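Engineer: Dropping a prediction and its sequence here:
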Amino acid sequence: MEIDLRGVRIVKGALDPVAQVDMVDTIRAIAQAAPFYQPVTPGGRQMSVRMTAAGQFGWVTDAKGYRYQACHPDGMAWPAIPDPILALWEKYCPNARSPECCLINYYGEGARMGLHQDRDEADFIQPVLSLSLGDEGMFRVGNVVRGGKTESHWLQSGDVAVLGGDARLVHHGVDRIRFGSSSLLPKSGRINLTLRVVT
Ligand code: SIN
Ligand code: MN
């Protein structure tokens, strides 16, 4: 089933339960090479999500600001984006350039992400693809300009969302998660992958 949420294309159940388990193993391997860390905003506030990444670039934030960066805050290069993740991009974004970043966010109990735009990338023609795994998350979509009406949808494990075309720069965020609503992750929580073209 597909949903159009203010121009954001949501594909429900893009990954079946078996593929979701495999994807968690794939992400575990990334996190072994590049551990999750707790980002701090330039204003000095700890973000509630934990992050890591794969690909040429990861997105980092610290006292110096936020930016795409070729290495993990601990100094190691990010691992390559694994094939099962690239396959999602090829399926849902067939006309786009190859992704250069797979950002991985982990939402534990109480974690959220405020409304924001993804605009640190150089080429807004290229879409952003997100995959949700684990607990349900309330995804909110607003407008390209700040303010105005918003609508939300509970993203579930296996759902893909594509921010592309006129919806590439919409404000979006995650209000809250239903901690413990899925049994995919042993300690519960939600993982969100986003694939991006950075340059
Ligand atoms: C993000 O905007 O980077 C994450 C969106 C999500 O967690 O669904
Ligand atoms: Mn975003």
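Structural biologist: Alright, I've got the coordinates. Ligands and ions are numbered 1, 2, ... in the order given.
Engineer: Contacts only, for the spatially most distant residue from the centre of the chain.
Structural biologist: Relative to the centre of the chain, the most outlying C-alpha is that of Gly148, 23.7 Å out, by C-alpha atoms, centre = their mean. Going by C-beta atoms under 8 Å, 6 or more residues apart in numbering, Gly148 touches Gly142. Any C-beta I mention is one placed from the backbone N, CA and C, and that applies to glycine too.
Engineer: same deal with Val11?
Structural biologist: With C-beta under 8 Å, 6+ apart, Val11 has these contacts: Met1, Glu2, Tyr92, Asp159, Val160, Ala161, Val162.
Engineer: Next one: the residue farthest from the centre of the chain, what pLDDT does it get?
Structural biologist: Reading off the confidence values, Gly148 has pLDDT 95.
Engineer: Could you do Ala63 as well?
Structural biologist: pLDDT, Ala63: 88.
Engineer: Around ligand 1, which positions in the chain sit nearby?
Structural biologist: Asn105, Met113, Ser130, Gly137, Phe139, Leu155, His172, Val174, Asn192, Thr194 (C-beta under 6 Å from any ligand atom).
Engineer: What's opposite the second one in the beta bridge?
Structural biologist: I take that to be Met113. Val174 (DSSP bridges).
Engineer: these two touch, right, it and Val49?
Structural biologist: Yes - if you go by C-beta atoms under 8 Å, Met113 and Val49 touch, sitting 6.2 Å apart.
Engineer: Need the overlap of contacts for these two.
Structural biologist: Asn105, Tyr107.
Engineer: that older thread, and which of the residues of the chain next to ligand 1 is nearest Val8?
Structural biologist: For the residues of the chain next to ligand 1, the residue nearest Val8 by C-beta to C-beta is His172; the value is 7.2 Å.
Engineer: Tell me the spacing between the nearest residue to the closest one once chain neighbours are set aside and ligand 1.
Structural biologist: Ranked by C-beta to C-beta, 6 or more residues apart in numbering and with sequence neighbours excluded, the top spatial neighbour of His172 is Val141, at 5.1 Å. Using C-beta to the nearest ligand atom, to the nearest Å, Val141 is found at 10 Å from ligand 1.
Engineer: going forward can the numbers begin at 214, since that is how I track them
Structural biologist: Noted, 214 is the first residue going forward, which turns the last one into Val354.
Engineer: list the contacts for Val354?
Structural biologist: Leu218, Arg219, Gly220, Val221, Thr363, Glu364, Ser365, His366, Ala380, Val383, His384, His385.
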